[in-house]
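how does the following fold in three dimensions:
(chains A and B)
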Amino acid sequence: MTLLDVSDVTTWFGSKQGPVRAVDGVSLQLDRGRTLGLVGESGSGKSAFVRSIMRLHHPASVARYDGRILFDGTDLAQLGARDLRAYWGPRIGIVFQNPMTSLNPVVRIGRQLTETLRAHLGLDRRAARERAIELLTWVGIADPERRLRAYPHEFSGGMRQRVAIAIALACEPELLIADEPTTALDVTVQTQILALLNRIQRERGMSMIVVTHDLGVVAGIADEVAVMYAGRIVEHGATADVVERPRMPYTGALLASIPRIDAPSQSRLPTIPGRMPSLVAADGARGCPFAPRCAHATDRCVVEQPPLAQDDHGDQSFACWHPLTPASHAPVAQEMES
Amino acid sequence: MAGSGTAHLRAPEDVLLRVEGLEVQFPFGRGQYVHAVSDVSFDLARGETLGLVGESGSGKSTTALAVMRLLRTSASSIHFDGTDLATTEGEELRKLRPRFQMIFQDPASSVNPRRTVSQIVAEPLKLWRRDARDGWKDTVAEMLDAVGLDVEATGDRRAHEFSGGQLQRVCIARALVMQPELLVADEPVSALDVSIQAQIVNLLKDMKDRYGLTMLFIAHDLAVVKNISNRVAVMYVGKLCEIGDVERIYARPAHPYTRALLDSSPRLRVDRSEVAPAVTGDIPSPANPPSGCRFHTRCPHATDVCRREEPVMRQVAADQFMACHHPLVD
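The predicted structure follows:
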């Protein structure tokens, strides 16, 4: 059953060079109980997009939002700030990259947790405290009664992220958005947090959107992957399909450029020449945004933008006039091995 | 003590850099000290790249700064081509500096925003080649060309006009313009997107071949380190755990911490089966490091001896040394 049905979401930011189209006509659906990995490099619009779902941008920075965001049948795009509050927290939770900036440094952890519970669920002080202890235990924090009295700085980075996850889950939201939840953490701690998110998602059957630049993170946590480039989704499909058989040349090139721990030392890394185009609307070319860097680009790619569509090979969507075929994957694999 | 000893060091005449018993302490009030690096020894043969890995707080960057003689060290020797940098001071040290250079994680914060790219790359020449003023311009153009920047198009531009990857190229050009023998690279690709990261990693390998560099390459990403390094050293809370040939150690890690790091590294394998995290808990603070082996608080194999006694470096294979009481291979 579809929980989130987003269509044609476009987000414009103001800038000195003119309006910037950070998110450019993104459409996707997410079923209940599914985890979507949203990947892309910096400036691809992945964070801007998930924040647009929640209307979380500062009003002064956003020039315009377009599109429809159906969450459980209600169009969030039509709601004002007051009505959105019924969604922020109770129905959609969010975890940010740096828990130090999302937690209040001068308020004890206990109060930050119970505040949410009391505001949204109307629990009294005692019930909120009990629930807070339950939540901390659930996210793997030892000795929760004592830890409720601690301040954020008394926790390590991994523990802070666990607290931030506990707060996001306090009201048992149907959708959890995690924006680079492990980027600031060390790898041994990252594995712990990903295992925690996986467990919670399974136990609660909630939907999750994990935003990350790291395809390795996505491979371990997501059912499906959407790849963003220059504000657009350029490929979307089951994680195994996208990671093992990418159709969009950008996805293929991105995967090839990741150094592999199981590849031999001193192997040459395939690179993508150039860089992502400017998203300032005035500079916007008509064609495929990846065309200037793409090895397969033709004249058509420069003038005509390919839509995100499926072909008869499978249920993967991609935006490309000259998609990679199973045969063209062989050279990519060879390059990585050489 | 975890990770002391010098069994893994090679003959002094075979190496360009030999660091022995490196100690770095930072005061933090009331006569207390954080032991950021504690009795670490390693060496680098000419033309070799040593990857230094470890999580935050392991002392990798402190080690780099100490090697560069940008920090005060105690009770250590840092032999660079026969001269002990730790006891060299003033003009004598200054004269050696062109021979070892460094690049940093964030290129934007390591260049002067008011200077043009040409000025940035020419700065070392200004300090060291006063006599050959005429040649500067050509040297700068050559160097920019070597790192893939066109002097015509980029020479007069300033830092804010560049992306992170291009600016890192400028920093590499500046570091190499004096033709150093040793390049210390502290997380040079960590702040870059993967597609750009691949470009810079390839560039560093090219530069190494072209100029015969010896490189100390610091990163927390084990896959990047494997790609660029010949040997790897693993640090944990200021101590060395394991050092040796990169292929050997990645294939058969002997130290449980190396194993945990390798197991935690994300792989592009789609696998959502419930895997228990390799280690639990967090990295202890170097202000109050655990007794004995510093990894014992998180190690699945820890016993009493690990809590009591610090393991000493010993050899487990041709080029593989580690400090653990209960190694995974023997």
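
helix or strand: which one has residue A:237?
strand A:232-238 (DSSP states H and E).

and that strand, what does it pack against?
strand A:20-31, strand A:224-229, helix A:249-257, strand A:317-318 (3 or more C-beta pairs under 8 Å, 6 or more residues apart in numbering or on different chains; DSSP states H and E). C-beta: built from backbone N, CA, C; applies to glycine.

closest one to chain B among the ones you listed?
helix A:249-257 (3.9 Å; C-beta to the nearest C-beta).

show me what the helix or strand following the closest one is in contact with.
The helix or strand immediately downstream of helix A:249-257 is helix A:299-303, counting by DSSP H and E. Helix A:299-303 has contacts (C-beta atoms under 8 Å, 6 or more residues apart in numbering or on different chains) with A:285, A:286, A:287, A:288, A:291, A:294, A:321, A:322.

could you redo the last one with a cut-off of 7 Å?
Here helix A:299-303 makes contact (C-beta atoms under 7 Å, 6 or more residues apart in numbering or on different chains) with A:286, A:287, A:288, A:291, A:294, A:321.

among those residues, who's most crowded?
Among the contacts of helix A:299-303, residue A:288 has the most neighbours (other C-beta atoms under 10 Å in any protein chain shown), with 27 neighbours.

grab the nearest non-local neighbour of that one.
Leaving aside its chain neighbours, residue A:288 sits nearest to residue A:301 (4.6 Å; criterion: C-beta to C-beta, 6 or more residues apart in numbering or on different chains).

report the secondary structure state of the closest residue to chain A within chain B.
Closest approach between chain B and chain A, counting by C-beta to the nearest C-beta: residue B:266, at 2.6 Å. With DSSP: H, G, I helix; E, B strand; the rest coil as the basis, residue B:266 sits in coil.

residues touching it, list them.
So residue B:266 contacts A:214, A:216, A:217, A:220 (C-beta under 7 Å, 6+ apart).

in space, what's closest to the first one - neighbours in sequence excluded?
Think residue A:214. residue B:266 (6.2 Å).

now the most centrally placed residue in chain A: how far from residue A:13?
For chain A, the residue nearest the mean C-alpha position is residue A:211 (1.9 Å; C-alpha atoms, centre = their mean). Counting by C-beta to C-beta, to the nearest Å, the gap from residue A:211 to residue A:13 is 18 Å.

equivalent analysis for residue A:70, please.
Applying C-beta to C-beta, the value for residue A:70 to residue A:13 is 24 Å.

point me to the residue of the stretch 101-250 of chain A nearest chain B.
Of all residues in the stretch 101-250 of chain A, residue A:216 sits closest to chain B, at 2.6 Å by C-beta to the nearest C-beta.

give me phi/psi at that residue?
Main-chain dihedrals, residue A:216, degrees, to the nearest 10: phi -70, psi -40.

I'd guessed it sits against residue B:267; true?
Yes: because the distance of 6.0 Å satisfies C-beta atoms under 7 Å, residue A:216 is recorded as touching residue B:267.

the more surrounded of these two?
Neighbours were counted for residue A:216 and for residue B:267 using other C-beta under 10 Å; residue A:216 has more, 22 against 17.

so for the nearest residue to the more buried one once chain neighbours are set aside, what's the pLDDT?
Counting by C-beta to C-beta, 6+ apart, residue A:216 lies nearest to residue B:266, which is 2.6 Å off, once chain neighbours are set aside. Looking at residue B:266, its pLDDT stands at 83.

how about residue B:274?
pLDDT, read off for residue B:274, is 60.

could you do residue A:274 as well?
pLDDT, read off for residue A:274, is 81.

ok, now residue A:124?
93.

what does residue B:76 give?
So, for residue B:76, pLDDT stands at 85.

list the buried residues for stretch B:248-263?
For stretch B:248-263, the neighbour count (16 or more other C-beta atoms under 10 Å in any protein chain shown) marks B:248-250, B:253-263 as buried.

and for stretch A:233-247?
Taking 16+ other C-beta under 10 Å as the criterion, stretch A:233-247 shows A:233-243, A:245-247 as buried.

list of residues touching that stretch?
Looking at stretch A:233-247 with C-beta under 7 Å, 6+ apart, the contacting residues turn out to be A:26, A:28, A:37, A:215, A:218-219, A:222-228, A:248, A:250-252, A:255, A:290, A:308, A:314-320, A:323-324, A:326, A:329, B:268, B:270.

separate out the buried members of those.
Of those, these count as buried by 16+ other C-beta under 10 Å: A:26, A:28, A:37, A:215, A:218-219, A:222-228, A:248, A:250-252, A:255, A:290, A:308, A:316-320, A:323-324, B:268, B:270.

now do the contacts for the residue of the stretch 101-250 of chain A closest to chain B.
Shown in contact with residue A:216 (C-beta under 7 Å, 6+ apart): B:266, B:267, B:268.

ok, now how distant is it from residue A:182?
For residue A:216, the distance to residue A:182 (C-beta to C-beta) stands at 10 Å.

check residue B:276 too.
Distance from residue B:276 to residue A:182, counting by C-beta to C-beta: 17 Å.

so which of those two has more stuff around it?
residue A:182 (26 against 10).

and the least confident helix or strand in chain B by mean pLDDT, what does it pack against?
Every helix and strand in chain B was compared by mean pLDDT, DSSP states H and E; the lowest is helix B:151-154, with a mean of 90. The criterion is 3 or more C-beta pairs under 7 Å, 6 or more residues apart in numbering or on different chains; DSSP states H and E, and the helices and strands that helix B:151-154 contacts are helix B:136-146.

only the buried residues of the helix it packs on, if you could.
When neighbours are counted by 16+ other C-beta under 10 Å, the buried residues of helix B:136-146 are found to be B:136, B:139, B:140, B:141, B:143, B:144, B:146.

same question for stretch B:39-57.
Across stretch B:39-57, burial judged by 16+ other C-beta under 10 Å covers B:39-44, B:48-55, B:57.

any residues touching the helix or strand containing residue B:207, and which ones?
Residue B:207 is part of helix B:194-211, with elements assigned from DSSP H and E. With C-beta under 7 Å, 6+ apart as the test, helix B:194-211 has contacts from A:41, A:254, A:257-259, A:268-272, B:49, B:146-148, B:164-165, B:168-169, B:172, B:176, B:179, B:185, B:188-189, B:192, B:213, B:215, B:224, B:227-228.

quick check on those: which are buried?
Buried members of those, scored by 16+ other C-beta under 10 Å, are A:41, A:254, A:257-259, A:269-272, B:49, B:146-148, B:164-165, B:168-169, B:172, B:176, B:185, B:188-189, B:192, B:213, B:215, B:224, B:227-228.
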